[in-house]
Structures are given as C-alpha cells and as structure tokens.
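**Student:** Take a look and give me a structure for this.
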Amino acid sequence: MGNLKKNKLKIFAAAICLTFGMTTQAQTVVNGFFPKQKDLTVAISSGFKSNSDFYRGRELFGGNPGNLNDIETSVIGLYAEYGITDWLSATATLPYITVKSADGEPGPLVPSGKAEGLQDLGLYLKGKIYEKQGGNGAAFKFGSAISYSFPISDYEGGGVLSIGNQANNFSGTLITQYMLPFGLFAEVQGGYSFRSSSDFDIPNATIFTGKLGYCNKYFYVDTVLGVQNSQSGIDIGTPEFEAAGGPSHLPETDVDYTELSFNAYVPFYKNMFGASAGYTTTLTGRNFNDASGFSLGLVYTLR
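**Tutor:** Predicted coordinates for the structure are as follows:
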C-alpha cells in the first residue's frame, strides 16, 4: 500500500506541474500521467517572457518584423483537469495574454502599442490505451489525446503585437511514457496540428516533445525539449512575405522552433495544494522570436 500511495503522489505532482507549459509555445498541454476517476485539478499560472531578437527565415536578427524594440508578453492561465474514468480525462485551458512593446511604440495593426485579452479556449480529451506495470514502481504507458481550441474574443490575429493567430486548431497526439523504479521517467510525444482561419492561410504543423524527469512524494522536476515544424508557409523578409501583406500576415509564415524548458513542482498542505515554477528558452527557430520566459503557478487538487 505504501508503494501505491507513493506512486499516486508521483502522478499527481507530474500531471500538475506540466500544465504550466502553456506560458510558452513549444510544449503540449497533455502528458503521460493519467488521473484517477473523479480526480479534479484546478490551477492558475502567471508567465512572462521578453524578446528583442527574431528569426527572419532561419537567420537571427536584432529587432523584429514590426521594427519595434523589446516585446514583452505576460500570460495568466487557467487550467482544469477531471478524471472521467481511470483511463479517460478531460482538460480545459484559458489564457489571458498581454503583449506590448517595452517602450510603448505602436505596432502594425496595434497603434496603442499594446494588445491584451482572452485568447483561445482549449479543450482536451486524453485516453490511456495500454499500461504494463513492473516491479518497484516501474511502468510503461501508451496513450493518445485529441484537442480543439478556438478564439473566444475578437482579438487582432495579425501583426507583431498579437495575442494569437485568431485560428481554430484541431490536434491529435500520441504519448509514450516509461517510469523507471524510484521515480525516474522518460516520455515522448508526437502530434499533428490542423489550423484554420477565415483571415489567414495558416500552415499545419507537426509537434514533438521529449521529456526526462524525476518525482517522489516531496517534489517533481523535469526538462523538456519541444519542437514544432510547420508544413508550409513563407519566410519573413522575402518578396512573398511583402506581397502577402508583411507583418500584418505573420500567421502565414513557416514557423519552426526548438525550445528547452525546466519545470519544478512542490506539493504542500496534505498534497491538496502545490506550487510550480518553470523556465523556457528558444534554442533555434524559423520566423520565430528568440525569447526566454518563466512561469509560476498555484494548484488545488481534489481526489
């Protein structure tokens, strides 16, 4: 029974911590930990990132397509996950995002130099397809997830100071996780994202994440490598980019990136509450900002 209790605490810690990847773009919200039936988790996070450099095509330049100085982005994210059964869970996410030029300069389509509002509501279903238990807490899990996100406010989708692409997004993801004895684990995800918009021709993309972590009943830590590869699109600075409308049509660019993040989670007060922290930085990109950011979160769970 002691091992079972310990494993449940591990699952709880990991499942909560990684929800705060929503403050950056390189990670998927879902993970390889599956809540028990009727488990409920509610979390709020706050994240911030700043960048002055931008990849135009694959080359890194100072500044950005809007010829602004530093661009600051802050996110307040709400997250909720509920265990429908022991193998199926539902998740909802909703971020409030603020994007502004640090010196107040106006950007294309945003003369005030600041854009803010509720972005996209994300809905997820995650299912555990196969699980094989081993000794000393070892386990292999294979699952899948589908998600659909859509704008819930009439924000501007173009320009450098935009809180989103104003697009509908349907994604499918496969998840594999292997938990080693004593809390070490490795996880790999691969997925495809279909994007549609009435205003822009937004490329679809493949998304991959690789994750290494450790958790016990006292804390959880991991490091995540997140990769996106767009399947089409144009490069910033090309004649095609200018012909399409320049910075006002940034959603139509070929956006690729690789990001590295570090996350930690610590439960407290009978494991009903917890705190998380994360740091993310861009390693390489294409038509993407070269940014670093951090997030902090508070979590409540009922099980």
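**Student:** got the buried residues for the one helix or strand residue 176 maps to?
**Tutor:** Residue 176 belongs to strand 168-179 when assigned by DSSP states H and E. The neighbour-count check on strand 168-179 (16 or more other Cβ atoms under 10 Å) flags 168-169, 171, 173, 175, 177-179 as buried. Glycine gets a C-beta too; all of them are placed from N, C-alpha and C.
**Student:** can you list the residues that contact it?
**Tutor:** 10, 28, 30-33, 120, 126, 137-151, 185-197, 207 (Cβ atoms under 8 Å, 6 or more residues apart in numbering).
**Student:** repeat for stretch 239-255
**Tutor:** Residues contacting stretch 239-255 (Cβ under 8 Å, 6+ apart): 65-66, 107-109, 157-160, 162, 165-167, 197, 199-203, 205, 228, 230, 232-236, 285-288.
**Student:** Recalculate using a threshold of 7 Å.
**Tutor:** 65-66, 108-109, 157-160, 165, 167, 197, 200-203, 228, 230, 232-236, 286-288 (Cβ atoms under 7 Å, 6 or more residues apart in numbering).
**Student:** Which of these are buried? Put it as a ChimeraX command.
**Tutor:** Only the buried members of those end up in this ChimeraX selection, burial being decided by 16+ other Cβ under 10 Å:
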select :65,66,108,109,157,158,159,160,165,167,197,200,202,203,228,230,233,234,235,236,286,287,288
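**Student:** Among the contacts of stretch 239-255, which lie within strands?
**Tutor:** 228, 230, 286 (DSSP state E).
**Student:** isn't the last one right next to residue 256, touching?
**Tutor:** Yes - in this structure, residue 286 is within contact of residue 256 by Cβ atoms under 7 Å, at 4.0 Å.
**Student:** just the ones in strands among the contacts of stretch 239-255 now: which is nearest residue 71?
**Tutor:** Distances from residue 71 to the ones in strands among the contacts of stretch 239-255, taken as Cβ to Cβ, are shortest for residue 286 (17.9 Å).
**Student:** Who are the contact partners of that closest one?
**Tutor:** The contact partners of residue 286, taken as Cβ under 7 Å, 6+ apart, are 55, 57-58, 254-256.
**Student:** among these, which ones are buried?
**Tutor:** Buried by 16+ other Cβ under 10 Å: 55, 57, 254-256, out of the contacts of residue 286.
**Student:** any chance of the ones in strands among the contacts of stretch 239-255 in TSV, plus distance to residue 94?
**Tutor:** TSV is the format used below for those (distance: Cβ to Cβ, whole Å):
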residue	distance to residue 94
228	22
230	25
286	29
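**Student:** Can you verify residue 248 is assigned to a helix?
**Tutor:** Yes - the assignment for residue 248 by DSSP: H, G, I helix; E, B strand; the rest coil puts it in a helix.
**Student:** Okay, it and residue 156: tell me how far apart.
**Tutor:** Using Cβ to Cβ, to the nearest Å, residue 248 is found at 9 Å from residue 156.
**Student:** Likewise for residue 288?
**Tutor:** Residue 288 is 19 Å from residue 156, by Cβ to Cβ.
**Student:** now residue 231
**Tutor:** Distance, residue 231 to residue 156, by Cβ to Cβ: 25 Å.
**Student:** more neighbours, the two?
**Tutor:** In terms of neighbours (other Cβ atoms under 10 Å), residue 156 is the more surrounded of residue 231 and residue 156; the figures are 18 against 12.
**Student:** Tell me if I'm right that the more buried one and residue 114 touch.
**Tutor:** No - counting by Cβ under 7 Å, residue 156 does not reach residue 114; the two are 11.6 Å apart.
**Student:** Can you spell out which helices and strands pack onto the stretch of helix or strand residue 80 belongs to?
**Tutor:** Take DSSP H and E as the rule and residue 80 turns out to sit in strand 71-83. Other helices and strands packing on strand 71-83, by 3 or more Cβ pairs under 7 Å, 6 or more residues apart in numbering; DSSP states H and E, are strand 40-56, strand 88-101.
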